[in-house]
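Trainee: Give me coordinates for this.
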Amino acid sequence: MAQVLCKVFSFVLVILLGVVTARSGKLGKGADRLISKIVFNLTLPCAIIRAFESYDFNVSLLSLVGLGFAATVIPYFLSLFVYRNKPQQERIVQQLSVCGFNIGCFALAFVQAFFPAGCVVATCLFDAGNSLMGTGGTYALTQTLVLGNDDQSRGQKLKTFCKTLFSSMAFDFYIVLIAMGLLGLKIPAEVITLIDPIANANAFLAMFMVGLMIRFSLTGKKVKELVRLLSWRVIFAIILSIIALKVLPFDPEVCKVICVLAWAPIGSTGPLYTLWAGGDVGLAGMANAISVVAGIAIMTVLVVVLGV
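Mentor: From the prediction side, this is the model:
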């Protein structure tokens, strides 16, 4: 327990390091954008490839891919409808942070420490569905539905969506790797050896990036937006937890792990996409950081209460 908590708290320390670095200005302007490009185009794809190395595609658990996708796409479209008349700046942050879970760089540490190996596989499958939105889907949809030109035809909007979605290297890798898993193809050990140093850098750079993007100058209106955003995530986490424990037809341990994953923090790509879309990156970074701290507390309590 202590070892896992130390590892998770190390993420918080890296975020704080990013905050201090940003405020000191030692990396100059544009550091957050540069590091975000490195994370999204280099370290994250390598981390995904390495994670898939140990995947064992159990057909009975494949529906968890659909569950992970549903757990992200449903909140996205409900939020899109409810806040359809809000200013564009508010909608960008809301849509890019309301759904998606930071599993690979965060929640997986809890699962590996407290759950059996089969639950680690279940976590990876859930994350595969989650990542369809988290590694490109939310950004592509927001580019099309929030930032898109209303004069565009449906065909043009679909083209914009697909172009944005498949320009995400992480999303492309997930599609290829899931297909390889279904076909029983394995990633060569030599490939894993080559990318391992790059993959190891992902957790640090992703958390450091969040710290760089945090801004503390929140007005009363911004605080209200922050509370609203986090409230949405809490409501959907409660719903997913109930579904996991009362409805899902899986082994009890798998149901417990899905309940824990429901409280994982906002995906590290939330602030990144907000930056790229021209939204309030400070607000997105603050929401992300708060969700990390809350995730540490709630997920730890759940592990104890569920008797894992």
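
Trainee: Distance of the residue nearest the centre of the chain relative to Asn288?
Mentor: When the chain is reduced to its mean C-alpha position, the closest residue under C-alpha atoms, centre = their mean turns out to be Gly267, at 2.4 Å. Here the distance between Gly267 and Asn288 works out to 8 Å (C-beta to C-beta, to the nearest Å). The C-beta positions use only the backbone N, C-alpha and C, and glycine is treated the same way.

Trainee: do Ser167 as well
Mentor: According to C-beta to C-beta, Ser167 stands 23 Å off from Asn288.

Trainee: residues in contact with the residue nearest to the centre of the chain?
Mentor: Gly267 sits next to 100-102, 130, 134 when contact means C-beta atoms under 8 Å, 6 or more residues apart in numbering.

Trainee: let's go with 10 Å and repeat that
Mentor: Neighbour list for Gly267: 72, 96-97, 99-106, 130-131, 133-135, 138, 206, 273, 288, 291 [criterion: C-beta atoms under 10 Å, 6 or more residues apart in numbering].

Trainee: Let's see which of those end up in helices.
Mentor: Restricting these to those inside helices, with DSSP state H as the criterion, leaves 72, 96-97, 130-131, 138, 206, 273, 288, 291.

Trainee: In TSV, list the residues you listed along with distance to Ile235 and neighbour count.
Mentor: Rendered in TSV, the data for those read as follows (distance: C-beta to C-beta, whole Å; neighbours: other C-beta atoms under 10 Å):
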residue	distance to Ile235	neighbour count
Thr72	14	23
Leu96	18	29
Ser97	14	29
Asn130	18	31
Ser131	22	30
Thr138	18	26
Ala206	26	27
Tyr273	22	28
Asn288	18	27
Ser291	14	27
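
Trainee: Which secondary structure state is assigned to Leu185?
Mentor: Recorded secondary structure, Leu185: coil (DSSP: H, G, I helix; E, B strand; the rest coil).

Trainee: Near it, how many other residues are there?
Mentor: Using other C-beta atoms under 10 Å, Leu185 has 11 other residues around it.
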